[in-house]
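Enquirer: Provided below for reference: sequence and predicted model.
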Amino acid sequence: KDQVANADAFFVTDPHWRPQTGFWAYTKILSALEESGAIASVDGFYTDSSHYDFVTYPNTFLGSSGKRTGICYAGVDDSIFIQPQFNTGITLTVPDRELELTGRYEEVCYNSEDTLNPDNPDYFQFNAYGLYGWGDNSLNRWRNENAPDKSKVMLIGDSFGNIPFSLMSIYFSDCDELDMRYYSEDFQRHYQDFQPDIVILEATLDQAVAENTCYSFFPA
């Protein structure tokens, strides 16, 4: 069954999709790029979920909706960490945080300043979804010299892009991820300097015509 149609695709206590669904979105984006001719045939090794561990800590995450109602209303969700079973060598730069990390995907992707204590989770401070890509930032630069595809990819989106966009760093050598809700620099200059081969725009359905997705640099 198509996972996006499954009731389990989203957290119970948070409006975002679960990491498994974010992974599904990552594979669908690559398939769409292949079908459009933007990239060569997708190497299925990198989209096969059996090559990843989905490390799960049950009942340790209370999402933003649940934080408003408390744990007794709808319970709590699981925290899920995606970890490739193969070697990855990724550099992540987050200018907003004055941060640069190099290592395996799971060593650079997750916000190490927000840690999970599975034996005594802090439901009102810990954010399992916000760990991916260090949460919402104006710009993340992902670099991976060992990626199978050397295309330069510009990723534009909101918080729903955090998981699939972070996974793009496994497949593409150069990814610049922008969240235009926070990005205040000169976009045109950034685009001209980066010279992307591919631009991917992610927009949440109920925000498809909102100010932060109807960008001025796109034609009307």
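Expert: That came through fine. Numbers count the residues shown, from 1 in each chain.

Enquirer: so what does the helix or strand of the chain with the lowest mean pLDDT touch, helix or strand wise?
Expert: Lowest by mean pLDDT, DSSP states H and E among the helices and strands of the chain is helix 71-74, with a mean of 75. The helices and strands touching helix 71-74, judged by 3 or more Cβ pairs under 8 Å, 6 or more residues apart in numbering; DSSP states H and E, are helix 64-69. C-betas here are computed from N, CA, C, even on glycine.

Enquirer: biggest strand in this protein by residues?
Expert: Identified as the longest strand of the chain according to DSSP state E is strand 52-61.

Enquirer: picking that back up, parallel or antiparallel, list what pairs with the helix or strand following the least confident helix or strand of the chain.
Expert: Toward the C-terminal end, the helix or strand that comes next after helix 71-74 (DSSP states H and E) is strand 77-84. Strand pairing for strand 77-84, using DSSP bridges, gives strand 52-61 (antiparallel).

Enquirer: same question for the lengthiest helix in the chain, mean pLDDT?
Expert: Longest helix in the chain, counting residues (DSSP state H): helix 19-36. If you average the pLDDT over helix 19-36, you get 97.

Enquirer: can you check stretch 175-186 too?
Expert: Mean predicted lDDT for stretch 175-186 stands at 94.

Enquirer: tell me how far that stretch lies from the chain's centre.
Expert: 14 Å (Cα atoms, centre = their mean, to the nearest Å).

Enquirer: in terms of helices and strands, where is residue 101?
Expert: Per DSSP H and E: strand 99-103 holds residue 101.

Enquirer: how far away is the residue located most distally from the centre of the chain from residue 126?
Expert: Computed with Cα atoms, centre = their mean, the residue of the chain farthest from its C-alpha average is residue 72, at 29.2 Å. According to Cβ to Cβ, to the nearest Å, residue 72 and residue 126 sit 18 Å apart.
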